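J.: please find the sequence and the predicted model below.
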Amino acid sequence: SLDGNDAFSQAYHQFSVSYREDLSRKFGVGAKLSALSGIAYSKFEINDSQITTIDGTANQLLLDGRYRSSFGLGQFEGRSAIPQFENPGVSITGSVNYRAPGGWFVLGTLKDLGLIKWSSSSYDYSIGFDAPIDISSDSVRIYDAVRTQLNRTGTQSSFITPTNGKAEILVNKDLGRYQPNLILSKG
């Protein structure tokens, strides 16, 4: 039994306005506000899977999961990469920096925290244990069987997803000719 397996991808255009100001010789702040235009979203989750043998000869794959996509199976087109704001979103970035005595510099940033609303022409597919897949044959047939089952269960509806925001801290030390940086990032 396998569970917790998934695949995820999200792409979007980002149009931004940013502002930065030094509040003093030691402190500075910055902000960026962005309008987003979603290109593509795809997330495949397998919550549980089992392989069973029937009569010692035929093997069946049982899957329980979900596939969510901004486009139908096999329907992604290159023109989707042109910003159309069919899938609108917003995000914000904020930063604070501090220049400490002794040549130390610290910058903290929360990057691209936001949401995208995918259009009502997006798809939501479910795959369940109620339709076993014969895996006695080759992998192409397994792929086709999974695809057939997904197509049977697909419904269209809009949904909202978070952007892939990050928190980062940069520490820099001025050593004259060298300025080494340490960046800690959590996405």
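T.: Yep, it's here. Numbering: from 1, shown residues only.
J.: for the protein, what spans make up the helices?
T.: Here the chain has its helices, by DSSP state H, at 139-153.
J.: helices and strands of it: which one bottoms out on pLDDT?
T.: strand 133-134 (a mean of 68; mean pLDDT, DSSP states H and E).
J.: who's W104 bridged to?
T.: Taking DSSP bridges as the rule, W104 bridges to A100, K173.
J.: quick one: pLDDT of it?
T.: W104 is assigned 92 on the pLDDT scale.
J.: hang on, it packs against V171?
T.: Yes. W104 is within contact range of V171, at 7.2 Å (criterion: CB atoms under 8 Å). Any C-beta I mention is one placed from the backbone N, CA and C, and that applies to glycine too.
J.: neighbour count winner among these two?
T.: Remark: of W104 and V171, V171 carries more neighbours, 15 against 12, as counted by other CB atoms under 10 Å.
J.: for the more buried one, which non-adjacent residue is closest in space?
T.: Leaving aside its sequence neighbours, V171 sits nearest to L182 (CB to CB, 6 or more residues apart in numbering; 4.7 Å).
J.: distance of V29 relative to L61?
T.: 54 Å (CB to CB, to the nearest Å).
J.: over to I51?
T.: 6 Å.
J.: then S18?
T.: According to CB to CB, S18 and L61 sit 49 Å apart.
J.: look at the two and report which has more neighbours.
T.: Set side by side, S18 and L61 show more neighbours around L61, with 15 against 11, by other CB under 10 Å.
J.: how about low-confidence regions in the protein?
T.: 1-4, 54-58, 74-81, 129-142 (pLDDT under 70).
J.: ok, longest strand in the chain?
T.: strand 27-54 (DSSP state E).
J.: flag every buried residue along it.
T.: Across strand 27-54, burial judged by 16 or more other CB atoms under 10 Å covers 28, 30, 32, 34-42, 44-46, 49.
J.: so what's the gap between it and the chain middle?
T.: 2 Å (CA atoms, centre = their mean, to the nearest Å).
J.: do stretch 20-32 as well
T.: That offset, for stretch 20-32, works out to 30 Å (CA atoms, centre = their mean).
J.: first to last residue in it, what's the distance?
T.: This stretch, stretch 20-32, spans 9 Å end to end (CA to CA, to the nearest Å).
J.: contacts for it?
T.: Contacts of stretch 20-32 with the rest of the structure, by CB atoms under 8 Å, 6 or more residues apart in numbering, involve 16-19, 92-100.
J.: may I see these arranged in CSV, with distance to R147 as well?
T.: Listed next are these as CSV, based on distance: CB to CB, whole Å:
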residue, distance to R147
S16, 38
V17, 42
S18, 43
Y19, 48
I92, 38
T93, 39
G94, 43
S95, 44
V96, 49
N97, 50
Y98, 54
R99, 56
A100, 57
